[in-house]
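Enquirer: sharing a model that was predicted from the sequence below.
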Amino acid sequence: MRVLVTGGAGYIGSHTLVEVLGQGHEALAVDDFSNGSPVALERVRQLTNGGLEVAEADVRDTPRMTALAQAYRPDAAIHFAGLKAVGESVRRPLDYWDVNVGGTVSLLRALDEAGCRRAVFSSSATVYGEPDYLPYDEAHPIRPTSPYGRTKAAAEQALRDWAGAGGGRAAILLRYFNPVGAHASARMGEDPRGVPENLMPFLAQVAAGRHAALRIFGEDWPTPDGTGVRDYVHVTDLARAHVAALARAEVAEGAEAYNIGTGRGTSVREMHAAFERAVGRAIPFEVHPRRPGDIAAMEADCRRANAVLGWRAERDVDAMARDLWAWQRANPEGYGAR
């Protein structure tokens, strides 16, 4: 299968490329390198012997995306390109609408012009918003509480409408919970620009001495220890889910949504403790007020992905912490200057 992968140089995109190429598929990675690094794609090549092509492009540039798709003639696309921080989305909402929704529409136009009818979308569990019940299943109401979540929900709807237009189209919507960890080789991992807004990369940088203390946003949440609870999933398990979604897209019609997590909630304090075990020493922390757009707890019901995609998460929080720390130690400056 020939697969066009937007955002292929990013954290999840690069790990997914390793799995896609490892299954014998070919891939065209498209990235504007505004957040991802070309070095990540060099390391994908080093870790695989598959056929990887690379093109620099902004997913919002419809003529450019159309030209790339028509030249490559993909059998399917995996769409990662987007902005992804809840807190930042509150400060920069229009950028999130422009990239996450506008970029999705641009890609779908390009796929139509190239005759590609299969898409796998990098969505998010933030589309659910405050839970009516936990764990979330795919039938839970969609009520996102942040601009980021609202743009993911809107992009999902665009894909649903595209897939519903017929012509054999299929859209597989993967609602990630909280991706963490790094490749077992320590050659690939998360390398955010600036100060990370997500827990685990910030925690790793604290352990490496780049920040003074972990920032815990709220200890008054209605959870067992007062800190936020999330369903963390290892990035390699998440990458495997995309390979399973590609196989599903070959036989599906219309749009289908799947939760991708472990089915187990872990609090910030529990993840902090797991990282301390991985590092072998105490890691300082300080408590800050809650962030706008955050919620108390998220936990996935992944039975649909287990049953239909044949996918299940395999790695626990200690593996997530060990692999992330191995990446941080081996790559203290990430992929280097960008």
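Expert: Thanks, I have it.

Enquirer: strands along the protein, start to end?
Expert: Assigned by DSSP state E, the strands in the chain fall at 2-6, 26-31, 52-56, 76-79, 118-124, 170-176, 178-180, 214-217, 229-230, 232-234, 254-260, 266-267, 285-288.

Enquirer: could you dump these to a markdown table with mean neighbour count, mean pLDDT and distance to residue 110?
Expert: C-beta here means a position set from N, CA and C on the backbone, and glycine is covered the same way. Conversion of those to a markdown table gives the following (neighbours: other Cβ atoms under 10 Å; pLDDT from 0 to 100; distance: least, Cβ to Cβ, whole Å):
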| stretch | mean neighbour count | mean pLDDT | distance to residue 110 |
| --- | --- | --- | --- |
| strand 2-6 | 25 | 98 | 9 |
| strand 26-31 | 25 | 98 | 10 |
| strand 52-56 | 16 | 98 | 12 |
| strand 76-79 | 27 | 98 | 9 |
| strand 118-124 | 26 | 98 | 11 |
| strand 170-176 | 25 | 98 | 15 |
| strand 178-180 | 25 | 96 | 26 |
| strand 214-217 | 18 | 95 | 38 |
| strand 229-230 | 24 | 96 | 34 |
| strand 232-234 | 26 | 98 | 29 |
| strand 254-260 | 22 | 98 | 18 |
| strand 266-267 | 21 | 98 | 38 |
| strand 285-288 | 13 | 96 | 42 |
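
Enquirer: out of these, which is closest to residue 200?
Expert: The closest of those to residue 200 is strand 178-180. By Cβ to Cβ, the value is 4.3 Å.

Enquirer: and the closest one, what does it pack onto?
Expert: helix 199-207, strand 232-234, helix 235-251 (3 or more Cβ pairs under 8 Å, 6 or more residues apart in numbering; DSSP states H and E).

Enquirer: partner strands of that strand and their direction?
Expert: When pairing is defined by DSSP bridges, strand 178-180 lines up against strand 232-234 (parallel).

Enquirer: one step back: residue 152: which of the strands of the chain is closest?
Expert: Proximity to residue 152 (Cβ to Cβ) singles out strand 118-124 among the strands of the chain, at 4.6 Å.

Enquirer: and the closest one, which strands flank it?
Expert: Looking at strand 118-124 with DSSP bridges, its partner strands are strand 76-79 (parallel), strand 170-176 (parallel).

Enquirer: what's the worst-scoring helix or strand of the chain on mean pLDDT in contact with?
Expert: For the chain, scoring each helix and strand by mean pLDDT, DSSP states H and E identifies helix 86-91 as the least confident one, at a mean of 88. Applying Cβ atoms under 8 Å, 6 or more residues apart in numbering, the external contacts of helix 86-91 come out as 83, 96, 126, 146-149, 151, 197, 291-294.

Enquirer: most neighbours out of these, which is it?
Expert: residue 151 (29 neighbours; other Cβ atoms under 10 Å).
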